[in-house]
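> Starting from these lines, generate the structure:
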Amino acid sequence: MRGGTPLPFTNGFYLSRSKPLSAQRCINWYPNVAETAAVSESNLYPTPGLVDILDNLDGIGRGLHLLNGVLYAVAGQKLYRIDESLLSTEIGAIDGTNRVIMASDANQLVIVVPDEFAYCYTVGGSLIDLSGVANFISPVCDVVQINSKFVFAQTGTNIIFHSDFKSG
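A predicted model of the protein is given here:
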């Protein structure tokens, strides 16, 4: 029998309230636990059926969001609109390199790069940087859409604020 230290990396994925303590995510893999005695109690398998369908975006994917049946993607430092035939149209620049959080109402998409930047895109209109908007408290770490208002959480505080009614 081989010697070694078992690594129980399939025993759960979670995000602790204290990131220095632990932050674990498993993306596009699923755990498989052995039903009988085996060398390893569990392992990870890739998700079956994943196929690259869009490879013309600039940079690593940072987030996707569906708004009115249209897919929006942040890849690299750009926001793209992707239509049903998988043609991408560049909309504007999204600074940063971290994953983004997105929320939408009927005609606006708010994009937050946690602890760094926030943007609002109006369908058929323009992409604006929210840091220059009056009464917007930067930086923010999260956004959700509730009852036609965008609700933001300010980074490092207990402050939660919202946009005007139907206005990102």
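
> neighbours of residue 135, just the number please.
7 (other Cβ atoms under 10 Å). (Glycine included, C-beta is placed from N, CA and C.)

> Would you quantify the distance from residue 76 to residue 144?
Residue 76 is 25 Å from residue 144, where distance means Cβ to Cβ, to the nearest Å.

> I'd say residue 31 and residue 42 touch.
Yes. If you go by Cβ atoms under 8 Å, residue 31 and residue 42 touch, sitting 5.6 Å apart.

> okay, and for the protein, where does confidence drop off?
Residues of the chain that meet the criterion pLDDT under 70 lie in 1-24, 50, 165-168.

> at 90 what do you get?
For the chain, the stretches flagged by pLDDT under 90 are 1-58, 131-135, 147-148, 163-168.

> Mind jotting down where the strands sit in it?
Taking DSSP state E to define them, one finds strands in the chain at 29-33, 42-46, 61-67, 70-75, 78-82, 88-93, 101-104, 108-113, 117-122, 127-129, 140-146, 149-154, 160-162.

> got the buried residues for the third one?
Buried residues in strand 61-67, counted by 16 or more other Cβ atoms under 10 Å: 62-63, 65, 67.

> Please apply the same query to the first one.
Along strand 29-33, no position meets the burial threshold by neighbour count (16+ other Cβ under 10 Å).

> One more: the last one?
For strand 160-162, the buried set under the neighbour-count rule, 16+ other Cβ under 10 Å, comprises residue 162.

> Give me the helices and strands touching it, please.
Judged by 3 or more Cβ pairs under 8 Å, 6 or more residues apart in numbering; DSSP states H and E, strand 160-162 is in contact with strand 149-154.
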